[in-house]
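Peer 1: sharing a model prediction with you, sequence too.
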Amino acid sequence: MKQTLFAMLLCLACGTQTVLAQTQNTKYEKFVGKIGEYDITLFFNPQVTVGNNSGYYFYNDRPKNHFTLILKFYEAKMREDATGMPVAWGHHWILEEYSPAGNHTGTFDGIEMAMGDGFEGTFTNAKGEKFEFKLVQKFEE
């Protein structure tokens with residue numbers, strides 16, 4: 001019994017250290033843009049897998065109020081122009097937003113922009129209201 005308990009505690013401790021190391025070593029890409037008329041800054045981990053924390057964002061007028069993002073869907077797909085002709089490969093992302101209190105408060109549904117330097121699509125809030133969003137990668141100087 002003592003050996004089993006020790007093994008369980010050791011696994012828990014190792015797992016906790018792994019999670020902490022992953023959090024400390026996470027490299028986020030920074031994006032700036034808008035949801036509707038509201039300016040936001042978003043930090044995204046492109047290495048994340050579906051179902052995991054993929055970053056966070058905040059409204060620029062409330063920089064201390066972070067919303068967590070969970071990747072719900074990812075798919076590589078062909079982008080088409082207005083006539084339906086294929087033009088380039090892109091990535092379709094669905095990110096769920098969670099408030100600081102842990103409530104699901106919105107969903108980003110977007111596709112990578114043609115140059116691969118941003119995302120655009122529709123943000124739906126908890127009330128079901130839809131807003132266009134556009135985010136462009138911001139490279140640090």
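Peer 2: Happy to help now that I have it. Numbering: from 1, shown residues only.

Peer 1: tell me where the model's unsure across this structure.
Peer 2: Counting by pLDDT under 70, the chain contains low-confidence residues at 1-25, 77-79, 87-89, 114-116, 141.

Peer 1: show me where the chain has its strands.
Peer 2: In chain order, the chain shows strands spanning 29-35, 38-44, 53-59, 67-80, 86-98, 104-112, 118-125, 130-137, with DSSP state E as the criterion.

Peer 1: mean neighbour count for the ones you listed - can I get that in TSV?
Peer 2: (Each C-beta comes from the backbone N, C-alpha and C, glycine too.) Converted to TSV, those look like this (neighbours: other Cβ atoms under 10 Å):
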stretch	mean neighbour count
strand 29-35	17
strand 38-44	18
strand 53-59	19
strand 67-80	15
strand 86-98	16
strand 104-112	18
strand 118-125	17
strand 130-137	16
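
Peer 1: which residues touch the nearest residue to Val48 once chain neighbours are set aside?
Peer 2: Distances taken as Cβ to Cβ, 6 or more residues apart in numbering place Ser54 nearest to Val48, at 4.1 Å, with adjacent residues excluded. Each residue near Ser54 by Cβ atoms under 8 Å, 6 or more residues apart in numbering is listed here: Phe44, Asn45, Val48, Leu69, Ile70, Leu71, Leu95.

Peer 1: ok, Pro46 next?
Peer 2: Contact analysis of Pro46 by Cβ under 8 Å, 6+ apart lists Glu29.

Peer 1: quick one: it and Pro63, what's the gap?
Peer 2: Distance of Pro46 to Pro63, given as Cβ to Cβ, to the nearest Å: 23 Å.

Peer 1: quick one: stretch 99-115 to chain centroid distance?
Peer 2: Computed by Cα atoms, centre = their mean, to the nearest Å, the chain-centroid distance of stretch 99-115 equals 6 Å.
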